[in-house]
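Trainee: okay, sequence plus prediction incoming.
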Amino acid sequence: MTKAQTPFLVVNPKSYLYGEKSLELAKAADKVAKETGIQIYFTCPFADIRYIKENTENIIVTAQHMDPLTPGRGMGHVLGESLKEAGAEAVFLNHAEHALTISQLSATINRAKELGLIVIACADSVAEAVAISKLNPEILLAEPTELIGTGTVADDSYMVETIQKLHEANPDVLVMIASGVSTADDVYHILKLGADGTGATSGILNAPSPAGRIQEWADAVIKLQNEQKEGKQYEII
């Protein structure tokens, strides 16, 4: 079973890309993951999971949602076993565009864990993130909903408070900060503040070269890793 690692990047085209266009970007992310060793998650529509999995080797193909049902009745719902069989290794849950109740989220996280899927659970406030961390997702994406797609990153005080409180609440959960992330500098700064990973949709898709943007992000991760190996100290204000 694949395990969540830090640092990681999430390439999240949502449903802006599908079919060949989705695979084209997935292959670019796959190349970066192979060359750098960075764990890269790649989301795609349900119908493209098998297509992308069969044509890539290094990315973690990620479903955009699943439901807590087991095989049997459940017409129209997303069966976890079908995602796993198609090649998904991770799943997003409770994104702002597909919010769940706490009871739904808890049941779905449990089902995903039964199937060995990495869970990336979303929260739109520090309080909600702390509560969800108790459900033991592998990764918790704490992002203010109002910043999604704006190109404006959350301020440092929000990020530092979120990272610290989540690490205190559940040290086993990796923390992802992502809303408004666009540039390599954004990635570098977020990871420098202590986040375990980051990612974006518009920050990649709106770049002059989406494939080039993924490479720039990976370069920023490697830059920070090299500085940390050299013992560089950072002042967190």
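Mentor: Okay, I see it.

Trainee: tell me the contacts of residue 142?
Mentor: 122-126, 129, 162, 166, 175-177 (C-beta atoms under 8 Å, 6 or more residues apart in numbering). C-beta: built from backbone N, CA, C; applies to glycine.

Trainee: run through the bridge partners of it.
Mentor: According to DSSP bridges, the residues that bridge with residue 142 are residue 123.

Trainee: that one and residue 126: what is the separation?
Mentor: Distance of residue 142 to residue 126, given as C-beta to C-beta, to the nearest Å: 7 Å.

Trainee: helices of this protein, start to end?
Mentor: Using DSSP state H, the helices of the chain run over 19-36, 49-53, 80-86, 102-114, 126-133, 156-169, 184-192, 202-205, 210-229.

Trainee: which elements pack onto the shortest one?
Mentor: Meaning helix 202-205. helix 210-229 (3 or more C-beta pairs under 8 Å, 6 or more residues apart in numbering; DSSP states H and E).

Trainee: tell me what the helix it packs on is packed against?
Mentor: Using 3+ C-beta pairs under 8 Å, 6+ apart, helix 210-229 is in contact with strand 8-11, helix 19-36, helix 184-192, helix 202-205.

Trainee: buried set for that helix?
Mentor: When neighbours are counted by 16 or more other C-beta atoms under 10 Å, the buried residues of helix 210-229 are found to be 210-211, 213-218, 220-221, 224.

Trainee: could you do stretch 113-123 as well?
Mentor: For stretch 113-123, using 16+ other C-beta under 10 Å, the buried residues are 113, 115, 117-123.

Trainee: which outside residues touch it?
Mentor: So stretch 113-123 is contacted by 1-4, 10, 41, 60, 62-63, 66, 80-81, 83-84, 88-96, 105, 109, 112, 129, 131-132, 135-143, 176 (C-beta under 8 Å, 6+ apart).

Trainee: that'll do, ta.
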